[in-house]
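S.K.: what follows is a predicted structure for the sequence shown.
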Amino acid sequence: MKILRKKVLRKVQREIPWLEHIISDEKIAGDLNPSISSLEVQAKEGSLCLYCRGSRMLCGKERCPAMVRLYSFLRVKRLVDADRIFGSSPPGVFVGRIGYPHVYAGPLIPPIVGDTSLFDMPEKWIGKTIEEIIDFRTGLIRGKFRVNVKKPLDNEQFLSRTLEIALSREPVNIEAAFKKKPSGRFLFDDEVQPMGPSAPLLKIEVESAKVDDRIEKAYNDVDLRAEEAVLNLYLNGVPVSRIQRAFSIGAFGIKRQRRLVPTRWSITAVDSAISRRLIEDDVKDKPEINEYRVYNFNYLGNRFVILLTPSKWRYEWIEAWYPGTLWNPNGDGIAMGSDWEGYYGRSSYASLGGCYYAVRLAAAEFLSREGRQAGVIAMREIHPSFITPLGVWINRECVREAFRREYEKFDTLHEALAYISSKFSIPISEWIRASTLLKDEILQMKITKYMA
């Protein structure tokens, strides 16, 4: 087995004060995702896919990723083979990052009229098949327009309508005309939910949207800091995915600082901001748990196990990818990566990217509800049956689901690790080797040992 090396962020001058705890400078887009950020299955000369063609499963997967995407494309293509579309946005918007600060942004529109809210609500996807999730997302056509994130009103014609969509609490009927038929690659990414083909917008008409009053209030408060707006909305019951959407389109913050935020950045920004505040305000001053707890949940070829230890707040996220999986497609051993923080948090971006913060949010909100603090060691074992990236939501929602279920409690770490070993295929010794906090928990002497 091999341990993935952590990337080190270069030091840069802070220029975006309301994102400074995540984004140190607008030029470090690549550093925000130090691990591989996307995977496209393409049949190139000499490749395994060329010889397999989806029939021999030479990659070791149960289903061919290329064929799953192709089938989804064929189902959608019949509905969007035109330069106009009328449908109900979930609502959904997308802001790209290529060419930052000049990026493409715009609404997500399915060729369907009705209640499409499920298409952009990952909080409700647990239990769905991978094909269902792909169908939700590849049916969303990306209408796009060019915009300078620092001067978004220079393209007010499209931005105002996109903002109206982002602030809505219900699906919005949209009629869009494109400069050409939607085409191009689908977006399959380990940070962002999948999305369908795209096309530049020529014209867009939006029916009257029913704005979420809570988000509208934050939008209208031009003196409220973005982080405060995000936290207030979360505490008022607004789903995280809806906050991320509005944050991305520049709906929050002090007026002169507002700007569009690429969707992949906004997802991590919101997860990080909420979890950091929950940890500081609602977790660190609470009593520690007095036993070892183990929570687990399996979904779509992923096994999640979360160990809570009787200690002050600290947190670690560990991933283990089997050969033939997304980020270990050609490896001959299991690739493991980890990152962690102590009681006082961290001063650099996590090497494992957005999934680190998504899981930290799930853990922080659980401990906040419980009124306790603990050490959190969250582990994910990924098997080849997990055939395509779906975004960081799968980590947040699976860990949330694990915390909703019954847990096993133990008096000693040894008993807890023995139980965890029964839930994973990888030996527990390898998890310990990859972990900082597990080694510390095993090796560090506690003062209670001398208090017989």
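M.R.: Yes, it's here.
S.K.: bridging residues for the residue found closest to Arg84 once you drop the neighbours it is linked to in the chain?
M.R.: Take Arg84 and drop its neighbours on the chain: the residue closest to it by C-beta to C-beta, 6 or more residues apart in numbering is Ala177, 5.1 Å away. C-beta here means a position set from N, CA and C on the backbone, and glycine is covered the same way. Counting by DSSP bridges, Ala177 is bridged to Arg84, Lys203.
S.K.: just Ile377 next, same as before
M.R.: Where Ile377 sits in a bridge, its partners, by DSSP bridges, are Leu307, Glu316.
S.K.: list the contacts of it.
M.R.: Under the criterion of C-beta atoms under 8 Å, 6 or more residues apart in numbering, the neighbours of Ile377 are 306-307, 309, 315-316, 318, 435, 437-438.
S.K.: before we move on, what SS does Thr388 have?
M.R.: Classification of Thr388 by DSSP: H, G, I helix; E, B strand; the rest coil places it in coil.
S.K.: so it sits against Ile134, correct?
M.R.: Yes - with contacts counted by C-beta atoms under 8 Å, Thr388 reaches Ile134, the gap being 7.2 Å.
S.K.: which two among the contacts of Ile377 are spaced furthest apart?
M.R.: Taking C-beta to C-beta as the measure, these reach their widest spread between Thr309 and Ile318, a distance of 14.2 Å.
S.K.: thinking again about what came up before, from the contacts of Ile377, pick the one nearest Glu288.
M.R.: Thr309 (9.0 Å).
S.K.: and the closest one, how many neighbours does it have?
M.R.: Thr309 has 21 neighbouring residues, counting by other C-beta atoms under 10 Å.
S.K.: isn't it right up against Glu441?
M.R.: Yes - using C-beta under 8 Å, Thr309 is in contact with Glu441, at 5.9 Å.
S.K.: shared neighbours, these two?
M.R.: With C-beta under 8 Å, 6+ apart, Thr309 and Glu441 have common neighbours 375, 413.
S.K.: who's more crowded, Thr388 and Ile134?
M.R.: Ranked by neighbour count (other C-beta under 10 Å), Thr388 and Ile134 place Ile134 first, with 25 against 22.
S.K.: would you map the helices across the stretch 151-300 of the chain?
M.R.: 156-166, 213-220, 226-235, 240-248, 263-278 (DSSP state H, counting those that start in this stretch).
S.K.: how far off centre is the third one?
M.R.: For helix 226-235, the separation from the chain centroid amounts to 18 Å (computed by C-alpha atoms, centre = their mean, to the nearest Å).
S.K.: and what of the fourth one?
M.R.: Mean C-alpha position of helix 240-248 versus that of the full chain (C-alpha atoms, centre = their mean) differs by 12 Å.
S.K.: now the last one
M.R.: Averaging C-alpha coordinates over helix 263-278 and over its chain gives two centres that are 10 Å apart (C-alpha atoms, centre = their mean).
S.K.: any idea of the angle it forms with helix 226-235?
M.R.: Relative orientation of helix 263-278 versus helix 226-235 (axes from the mean of the first three to the mean of the last three C-alpha atoms, to 10 degrees): 80 degrees.
S.K.: list the residues that contact the residue nearest to the spatial centre of the chain.
M.R.: The chain has Val392 as the residue nearest its centroid, 2.5 Å off, counting by C-alpha atoms, centre = their mean. If you count contacts by C-beta under 8 Å, 6+ apart, Val392 has them with 190-191, 267-268, 271, 353-355, 357-358.
S.K.: low-confidence ranges, the protein, go.
M.R.: In the predicted model, the chain carries pLDDT under 70 at residues 1-81, 184-195, 326, 329-331, 445-452.
S.K.: ok, 50 please
M.R.: Residues of the chain that meet the criterion pLDDT under 50 lie in 1-47, 49-51, 53, 449-452.
S.K.: can you give me the strands in it?
M.R.: 2-3, 84-89, 93-95, 102-109, 141-148, 172-178, 198-206, 292-299, 302-309, 314-321, 335-341, 375-382, 408-410 (DSSP state E).
S.K.: quick one: which of these is nearest Arg259?
M.R.: Between the strands of the chain, strand 141-148 lies closest to Arg259; by C-beta to C-beta that is 8.9 Å.
S.K.: name the residues that touch the closest one?
M.R.: By C-beta under 8 Å, 6+ apart, the residues outside strand 141-148 that reach it are 80, 85, 87, 94, 96, 101-111, 154-155, 158-159, 176, 178, 182, 187, 195-201, 204, 260.
S.K.: okay but Glu401 is in contact with Phe297, surely?
M.R.: Yes - at 5.0 Å, Glu401 counts as touching Phe297 under the criterion of C-beta under 8 Å.
S.K.: who's more crowded, these two?
M.R.: Phe297 (20 against 17).
S.K.: pretty sure that one contacts Arg400?
M.R.: No - assessed by C-beta under 8 Å, Phe297 is found out of contact with Arg400, at 9.0 Å.
S.K.: burial measure for the closest residue to Gln244 other than its chain neighbours, as a count.
M.R.: Closest residue to Gln244 apart from its sequence neighbours, by C-beta to C-beta, 6+ apart: Val270 at 4.7 Å. Neighbours of Val270 under the rule other C-beta under 10 Å: 31.
S.K.: any idea how far Val270 is from Gly301?
M.R.: Separation of Val270 from Gly301 (C-beta to C-beta, to the nearest Å): 27 Å.
S.K.: give me the distance from stretch 435-444 to the chain's centre.
M.R.: Distance of stretch 435-444 from the chain centroid (C-alpha atoms, centre = their mean) equals 28 Å.
S.K.: ok, the closest residue to Leu108 other than its chain neighbours - contacts?
M.R.: What sits nearest to Leu108 in space, not counting adjacent residues and going by C-beta to C-beta, 6+ apart, is Gly92, at 3.5 Å. With contacts defined as C-beta under 8 Å, 6+ apart, Gly92 is in contact with 107-108, 119-120, 140, 165, 245.
S.K.: and if you look at Val93?
M.R.: Contacts of Val93 by C-beta under 8 Å, 6+ apart are 105-108, 162, 165-166, 245, 248-249, 263.
S.K.: try 10 Å
M.R.: Neighbouring residues of Val93 by C-beta atoms under 10 Å, 6 or more residues apart in numbering: 105-108, 120, 142-143, 162-163, 165-167, 245-246, 248-249, 260, 263.
S.K.: show me the domain layout of the chain.
M.R.: Following automatic domain parsing, one gets these domains for the chain: 8-206, 213-282, 292-450.
S.K.: name the stretch among the ones you listed that sits most buried.
M.R.: domain 213-282 (a mean of 21; mean count of other C-beta atoms under 10 Å).
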